[in-house]
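**Q** structure, please.
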Amino acid sequence: MPANPLDAYQSVEKSTLSGRELEASVLDKAALRLQMVQQTWSEADHEAMLDEALKYNQRVWSFFQSEVSAADNPLPPEIKQNLLALSIFVDRRIFEVMAYPAPDKLDILININRNIAAGLRGDPE
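**A** Predicted coordinates for the structure are as follows:
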C-alpha cells in the first residue's frame, strides 16, 4: 500500500479510467505542472520545476505522436494530420522555452493541453 494517500488514489484512478479519460487526465496534469511553474517563477527552484514540467509535457506529446502515427490508429486521416502538426508545434515551443525561458511562453502549452483534454472528455470550453 502506498504511503501517500494521493498515490493510492491515483493508482485506483489509473485502473478505472477509459483511454480517453486517462489521456485527458494526463494532459490536465501536464497543464497543471506548467501552471505551477508559472505561478512560482520567482522562486529559487523554478528552473528545476520548469525542466521537469517541460520534460513531462514532452513525454506526453511524444506518446500522442507515437499513437497517432500507428498504422492501426482508427482516427480519420485529417485528425491524425492535425494532431501531428499540433504535436510538432508543442515540441518547438518546448524547445523554445528550454532555450529562452519566460513564464508567458507557457500559456499556449497550458491552453493546448486543457483544450485537448476537454475535447477528449467531450466538454467544449
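
**Q** mind listing what's buried in stretch 91-99?
**A** Going by neighbour count (16 or more other C-beta atoms under 10 Å), the buried part of stretch 91-99 is R93, I94, V97. Yep, even glycine has a C-beta here, placed from its N, CA and C like the rest.

**Q** report the distance from it to the chain centre.
**A** Between the centre of stretch 91-99 and the centre of its chain there are 14 Å (C-alpha atoms, centre = their mean, to the nearest Å).

**Q** with stretch 117-125 instead?
**A** Centroid separation between stretch 117-125 and its chain, computed with C-alpha atoms, centre = their mean, is 14 Å.

**Q** any chance you could map the helices in the protein?
**A** With DSSP state H applied, the chain shows helices at 5-16, 19-39, 46-69, 77-99, 106-121, listed in chain order.

**Q** so who does P74 touch?
**A** Going by C-beta atoms under 8 Å, 6 or more residues apart in numbering, P74 touches no other residue.

**Q** roughly how far apart are it and E96?
**A** Going from P74 to E96 by C-beta to C-beta, to the nearest Å gives 33 Å.

**Q** contacts only, for N113.
**A** Counting by C-beta under 8 Å, 6+ apart, N113 touches L27, D28, A30, A31, L34, N57, V60.

**Q** so what pLDDT did the closest residue to it other than its chain neighbours get?
**A** Once flanking residues are discounted, N113 sits nearest to A31: 3.9 Å by C-beta to C-beta, 6 or more residues apart in numbering. The model reports A31 with a pLDDT of 98.

**Q** which outside residues touch stretch 94-110?
**A** Residues outside stretch 94-110 that contact it (C-beta under 8 Å, 6+ apart) are 30-31, 34-35, 37-38, 41, 47, 50-51, 54, 57-58, 61, 90, 93.

**Q** and the nearest residue to D91 once chain neighbours are set aside, how many neighbours?
**A** Leaving aside its chain neighbours, D91 sits nearest to W61 (6.6 Å; criterion: C-beta to C-beta, 6+ apart). Counted with other C-beta atoms under 10 Å, residues neighbouring W61 total 24.
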